[in-house]
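Q: Fold the following and give me the result.
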Amino acid sequence: MKTIHFSALDLDLEVPNIINYHDDGFVDSLEGRAAFLNWKYMGELDLSGKEQLDVTGNMLGTPAVHKEQHIHIYYRHRKYPENEIKTQGHEETHALRRIDYLLGNNAGMTAFLISVLNKKGVEINLPKLERKIRDTEVREEVIAELGGIFAVHQKYDLLTIGLPFVKEYCDIAANYYLDSYIKTRLKKIIPRKSLLERLIRF
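A: Purely as a prediction, here's the structure:
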């Protein structure tokens, strides 16, 4: 076993030695980096991919059949540091989810992240969220975006999640995160069986 560190999420995880995590940092071209990694691990060189400027980061993992697993994240520079942290946290969450997939659903990596969010005052009901969003791709992006928002929340403040979003899943995640945070705060301020609730009930 060894420890890997997710810097934006500020998490340390124990993983088997076959898991190799690489944070490649900022790159000039996401497509160029993907092409290099595919050539490095698969022996395939494809330079036909076009750069998608609305994509800000990527996570790429070697096929599950490989004995040694390599997971890379990389991302582009953005105008605001808050957005850079959000992108990094987003891709780190994708990597965390990839590790969960490789080790089996009971590996607990995602559950560990959710427990950290809960301790920070953001109660995320992951099973409920997964049932609510049926589209697998959208669901994974929403979960990753929750990690990105959490990274910003840790380093800056909650208001920075109001920065412009370019994808629908960003809005879904931001609304869910904010709603969970507010509900958690209200629970602490107003006891569940408060006098106010009893008056409303009757």
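
Q: Just checking, which helix or strand of the chain averages the lowest pLDDT?
A: Least confident element among the helices and strands of the chain, by mean pLDDT, DSSP states H and E: helix 195-201 (a mean of 41).

Q: Please determine how far residue 88 is located from residue 46.
A: 26 Å (CB to CB, to the nearest Å). The way it works is simple: take the backbone N, C-alpha and C, and place the C-beta from them, glycine included.

Q: which of these two has more neighbours?
A: residue 88 (26 against 11; other CB atoms under 10 Å).

Q: where does the nearest residue to residue 10 once chain neighbours are set aside land in three-state SS?
A: Distances taken as CB to CB, 6 or more residues apart in numbering put residue 154 closest to residue 10, at 6.2 Å, once the chain neighbours are dropped. In three-state terms, and counting by DSSP: H, G, I helix; E, B strand; the rest coil, residue 154 is helix.

Q: quick one, what contacts residue 154?
A: 9, 10, 120 (CB atoms under 8 Å, 6 or more residues apart in numbering).

Q: Just the buried ones from the residues you listed, in ChimeraX syntax?
A: Those of these that count as buried under 16 or more other CB atoms under 10 Å are selected in ChimeraX with:
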select :9
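
Q: What is the nearest of the contacts of residue 154 to residue 113?
A: Closest approach between those and residue 113, by CB to CB: residue 9, at 6.9 Å.
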